[in-house]
Every structure is written in C-alpha cells, then in structure tokens.
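> Test case, fold it:
(chains A and B)
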Amino acid sequence: MSKQIIVPFGPQHPVLPEPIHLDLVLEDERVVEAIPSIGYVHRGLEKLVEKRDYKDYVFISERICGICSFIHGATYCQGVEQIMGIEIPRRAEFLRAIWSEYSRMHSHLLWLGCFADGMGYENLFMNCWKVREKILDVLERTTGGRVIQGVNRVGGVSRDMDAAELKRILSEIPSLRDDFTELTRIFDEDLTVQTRTKGIGILPKDKAWDLGAVGPVIRGSGHAVDVRSTGYGAYDELDFKPVVRDEADCYARCMVRAEELFTSLDLIENAIDRIPAGDIMVPVKGNPSGEYYARAEQPRGEVIHYVKANGKKNLARHRVRTPTLANVPALVQMLAGCELADVPVIVLTIDPCIGCMER
Amino acid sequence: MKVGVMALTVLKNLVKGPATIRYPYQPAKVTPVTRGHLVITIDDCIFCGLCRMHCPADAIEVSKPDRTWRLNQFQCVICGCCVSYCPKDCLSIEQIYLPPTTEATIVTVTGPEPEKKEGQGEEVAG
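Alright, predicted model coming up:
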C-alpha cells in the first residue's frame, strides 16, 4: 500500500469561481477521501433581517446570490406573503415564473460555460456565454437589471410586461432554441466532453437519496425530485415535467442542465400563452406575525427560506438552506475513489455557489 | 462537410466582427429601464430622510440642518428602494452606468436655502 498524502484544493483554485477548501487524501493519484471546509465568504446577511424593514429586506435577500438572485427574492416574498395571508395577483405569479425561468437559463448557461472552461474547452465556454448574453438582454430589458433584477416586492412584482414585450419574447424563443440545440449537441457528442465526463464522479441512485442531494445532482442520479412539481406559484398551471437522467455521472448532471434549458423555454412559452390580465401587486399593510418555510426550485436545486416574524417591522429570523449545502455531502461521496485530475470537473458538477451557501 | 461548416463560421466571424464590445472605451448597452445610477433633483427635496432610513446598503446620508444629501456611489446597489419611498419624487435612476473607478466616490448635493414665508423674517427679527 502506498503512502497517503494530503493535497489542499482551494480556496483559491483556477476552476473555482468561489472559495471552498477541500483536503484531498491521496494514494498515488487516487483520491481516498475529501474533507471539505467552508467559511471563507460569510457576510452575515441573515442577521441583517433584524435591522431592516421586512419589505426592504427583499433587496438584501436577492443579493444572497449573484446568479440565482431572482429566485431568492421571490422565495423570501413567498414566505412573508404566506405569513401575512396575502394572495398575490395571478399575473404576478406568472411574471415571477417567467423571470425565474430566464434566471435558470442564465445560470445554467453560465455553469455550462464554466464547466467547459474547467475541462479546458475554452471555445465552448465563450460560446455558452455568448448565448447567455441574449438571456441577460431580455432580463435587462424587462426588469432593469442584468443579474439582480430587483422587481420582487412583498405583495407582487413592481414591473409588468405589456403585450408587445410578451410577443417579442415569444418571437425570440425559436432562435434561442436553435442556439441551445447547437450547444447541447456539442456537450452530447464532442469527444473532449465525453472523455472528461462519462463514467466519472458516480453518485449511485440510493446514495444520492440517502445523502439528500438536490437539483440536477439528484436528477442526474435518476430521481425526479423538483420543487416545481409541487406547483408553487404559477407552476400548477404550467406543463412541467422534470428532466431526469440515469447515468449518475458528470455527463448526466451536465446533460440534465443542458436539457433543462429547453424545459425553461417551454415553460416560458406556456406561461406567456396562459398569463391572465390584471394587477401585478396588492397593497400590503401591517407587519407579519408567524413563521413559514417557503420552498422553490433554484437552478442548483431546492432552496428553503424560513421566515419568522413577531409582529414588528423587522423579522425575528430568516434562515436559508441553499442547494449547494445540500449537495456537499454528495460531492464528498463522488470524490472518493476518483483520479486527482478529475477533481475539478467533479467539483464543478454540483455547481458550487459558495457565496450563496455561506451568505 | 465539416471543412465547409468551419469555413462558413470563419467568414461569418470576419464579416460580423466580435460579439463583445470594448467597454469602457465603448459605452455599455442600456435599455430604457436599465438601472444605471441614482440621481437627485435637490430643489424638490425636503430632507425627510426616508431614503436614508430605507436604503438597504446604508449608502445615503441626509442632513436637514445642513440641507445636504450625500450618496456613497460605491456602496449604492441601485436597487431603487429609495426612489419608491421618496414622497416628493425627487430621486430617480438614470440609465447610464457609472464609469469604473478604483476609489470610493461620494456625491454631496446641497439644497437651496428654504424660502422664508411671508412675514416670517420680521417675526424672527422682532
């Protein structure tokens, strides 16, 4: 038996957009065990809820993450609205669903690009981000912000989309679908991608369930787990079907995300077809009192916002369980037994969002 | 076939030019609703301080005695929260992104002296 050594991976590493540290216990080139440690970018955002008006805190909850910002804001609002017994206009729920899906597409394209870069395929990285720019343009045109949309309010949304805008979005979808088809074809067929991803970082179906993985990680291991299936917000009226793959390796997780791009486009088309006319916001009076767990599906998996209020304008507690935290145990499982050279690719397949995880 | 596809791509790229723009030498794309930066029409401001109270980033300071409104543009996240609370609608968001800098920019705007009501000056003097 060869001697074991420990190689530190991160917190600064070329493939990591954000800091996480892993101690890799190696025997020759094989990883025996990976010990994660976190805590490099804690910002204390949850504590701020005690100092800010619950309505103003929406802007802070959106800034928990720089990529899935919209869904953080929407989930927080969903929690407060449930406590206060506010029924928001149906149109606002549809608008939230449309922007959530745009947000998901921009996150997935960002990840696909980073993933391509992580395995040394720089050209594909740039192409993914070129397509992502079209999504960001729509977000900027409709909300005013590229990545931080800032349209969520307790009681609805602050911006509407008129019929011309909805028509324009629909007219742009075929070209986006063509771009996605081309990108998916490369991820699906290219030899470089296949060599770096197929059969690597296996997360067996039973282990994925036991470790409580979420999002594309568990869907890549054959479980149809997606909060959108529960029909929160406008999703109960949209024809949603989760994307599931059975291969359980890096390739499966990559393809789940690539195929979800098409699901998002379908959901947007659905939502635009069925969006009702009406108000986008209801007036909110008084302060909340009570507690609620709000759940939503982020690009990385299920996010839970726990909000507790005691009748004052500041909430008593805000707790966020982000998908990356749920996927770290699964990551440790995937890394055990892999080659050192495959570690960056495997780490990237959980789409680690550390800023979000540590808040 | 594949050589043909590649040649076509090369030709397209030669004609179309790069997909990126040379920001900041070229201005960034903006839309009519883009949140670029926060501005104030100080003449309408009543220095109530609601914008300071509701700013999620603590970027605004308001002084009623000095009649100043101060914004730390480095801290401002351009969320538009202050704009929605302003009772006089004197805050607004302009579309142009501020140029990148390496030092914090603090903007201080001083309001005009309040117009004295008729007869008020005499009473004070008397």
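> which residues in the chain form strands?
Going with chain A. In chain A, the segments counted as strands under DSSP state E are A:4-9, A:21-27, A:30-37, A:152-153, A:156-157, A:289-298, A:301-310, A:317-321.
> looking at chain B here, not the other one
B:37-40, B:60-63, B:68-72, B:91-94, B:106-110.
> Same list, those, but as CSV with mean neighbour count and distance to chain A please.
Using the backbone N, CA and C atoms, a C-beta is placed for each residue, glycine as well. Supplementary listing: the strands of chain B in CSV, determined by neighbours: other CB atoms under 10 Å in any protein chain shown; distance: least, CB to the nearest CB, whole Å:
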stretch, mean neighbour count, distance to chain A
strand B:37-40, 18, 12
strand B:60-63, 18, 13
strand B:68-72, 19, 16
strand B:91-94, 16, 8
strand B:106-110, 13, 20
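> Can you check which of these gets nearest to A:Asn314?
Minimum separation from A:Asn314 across these (CB to CB) falls at strand B:60-63, 19.3 Å.
> Chain A contacts on chain B?
B:19, B:29, B:31, B:33-35, B:54, B:56, B:77, B:79-81, B:84, B:93 (CB under 8 Å from any CB of the partner chain).
> can you do 6 Å?
For chain B, the contact set with chain A under CB under 6 Å from any CB of the partner chain comprises B:Ala19, B:Thr31, B:Val33, B:Thr34, B:Arg35, B:His54, B:Pro56, B:Cys79, B:Cys81.
> And stretch A:315-328, what's buried?
Buried residues in stretch A:315-328, counted by 16 or more other CB atoms under 10 Å in any protein chain shown: A:Leu315, A:His318, A:Val320, A:Thr322, A:Pro323, A:Thr324, A:Leu325, A:Ala326, A:Asn327, A:Val328.
> in the sheet, who's paired with the third one?
To tie it back to what came earlier, the one meant is A:Val320. A:His305 (DSSP bridges).
> Neighbours of residue 10, how many?
You didn't pick a chain, so chain A it is. A:Gly10 has 21 neighbours, counted by other CB atoms under 10 Å in any protein chain shown.
> Chain B was what I was after
With neighbours defined by other CB under 10 Å, the count for B:Val10 comes to 10.
> how close does it get to chain A?
13 Å (CB to the nearest CB, to the nearest Å).
> ok now do that residue, which residues does it touch?
B:Val10 makes no contacts at all, as judged by CB atoms under 6 Å, 6 or more residues apart in numbering or on different chains.
> for B:Glu94, same thing?
B:Glu94 makes contact with B:Gly36, B:His37, B:Val39, according to CB under 6 Å, 6+ apart.
> Repeat that for B:Glu113.
Counting by CB under 6 Å, 6+ apart, B:Glu113 has no contacts.
> before we move on, what about B:Val83?
Taking CB under 6 Å, 6+ apart as the criterion, B:Val83 is in contact with B:Leu91.
> Reformat the strands of chain A as TSV; add mean pLDDT.
Putting the strands of chain A into TSV (pLDDT from 0 to 100) gives the following:
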stretch	mean pLDDT
strand A:4-9	88
strand A:21-27	89
strand A:30-37	88
strand A:152-153	90
strand A:156-157	90
strand A:289-298	90
strand A:301-310	90
strand A:317-321	90
